[in-house]
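Q: A predicted structure for the sequence below; I have some questions about it.
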Amino acid sequence: MTINWNEEYKKYHAEKDTNYPGNNLKPQLHHIIDLVKDTKATTLLDYGCGKGLQYTEWKHHEELGIMPKLYDPAVPEYEVLPDGPFDGVYSTDVMEHIPKEQLPETFDNIYSRAEDLCFLQYVPSQQLQLFQMEKMHIVLLNQSDFGKL
């Protein structure tokens with residue numbers, strides 16, 4: 001039996017408001033702000049934005065100076081992937097949730113939309129195991145393995 005991970009994530013999102021609210025942007029925001037300034041980006045895409053509370057509640061776009069387009073296939077209001085292109089695409093704490101066989105297509109989707117900057121942050125398998133993260137982290141790769149994709 002093949003698991004449809006996207007459907008599993010939709011269920012997980014729907015279970016509680018606190019599942020994937022968008023809180024993983026803040027620790028990386030200073031890096032993304034620097035990249036936006038360095039490249040003079042005016043259009044952005046947050047790939048895997050979760051519920052989007054980082055914008056609707058915590059207003060991180062005000063620090064960015066740009067309201068990005070939002071995409072998350074497991075959240076109905078953000079499930080349509082915007083066409084782009086965008087000056088920049090960023091993704092925080094997302095890649096470890098995507099099945100390994102879907103990562104090349106995911107990278108193509110991201111890189112084909114990013115013209116000037118691309119920022120991908122993921123949680124390596126060592127940290128997931130250390131903190132005993134929930135079952136929805138399905139790709140357990142170390143940094144070396146992830147870099148080979």
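A: Received it, and whenever you're ready, just let me know what you need.

Q: I'd say Val75 and Lys51 touch.
A: Yes - taking C-beta atoms under 8 Å as the definition, Val75 is a contact partner of Lys51 at 5.9 Å. C-beta here means a position set from N, CA and C on the backbone, and glycine is covered the same way.

Q: which residues do these two both contact?
A: 13, 20 (C-beta atoms under 8 Å, 6 or more residues apart in numbering).

Q: Leu70: which element?
A: Per DSSP states H and E, Leu70 falls inside strand 69-71.

Q: Given that strand, what are its sheet partners and their directions?
A: According to DSSP bridges, strand 69-71 forms sheet pairs with strand 44-47 (parallel).

Q: ranges for the strands of the protein?
A: Using DSSP state E, the strands of the chain run over 44-47, 69-71, 86-92, 114-121.

Q: Would you tell me which one of the ones you listed is buried the most?
A: Sort the strands of the chain by mean neighbour count, taking mean count of other C-beta atoms under 10 Å, and strand 44-47 sits at the top with a mean of 27.

Q: Distance from it to the middle of the chain?
A: The offset between the C-alpha centroid of strand 44-47 and the centroid of the whole chain comes to 8 Å, using C-alpha atoms, centre = their mean, to the nearest Å.

Q: For it, give me every contacting residue.
A: Contacts with strand 44-47, where a contact means C-beta under 8 Å, 6+ apart, come from 25, 36, 54, 64, 66, 68-71, 82, 84, 86-91, 94, 109-110, 113-114.

Q: repeat that for 7 Å
A: For strand 44-47, the surrounding residues in contact (C-beta atoms under 7 Å, 6 or more residues apart in numbering) are 66, 68-71, 82, 84, 86-91, 94, 110, 113.

Q: re earlier: residues in contact with the strand holding Leu70?
A: For strand 69-71, the external contacting residues (C-beta under 7 Å, 6+ apart) are 45-49, 52, 78, 81-82.

Q: hmm, back to that, rebuild the strands of the chain as CSV, extending it with distance to His60 and mean pLDDT.
A: Supplementary listing: the strands of the chain in CSV, determined by distance: least, C-beta to C-beta, whole Å; pLDDT from 0 to 100:
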stretch, distance to His60, mean pLDDT
strand 44-47, 9, 98
strand 69-71, 12, 98
strand 86-92, 11, 96
strand 114-121, 14, 94
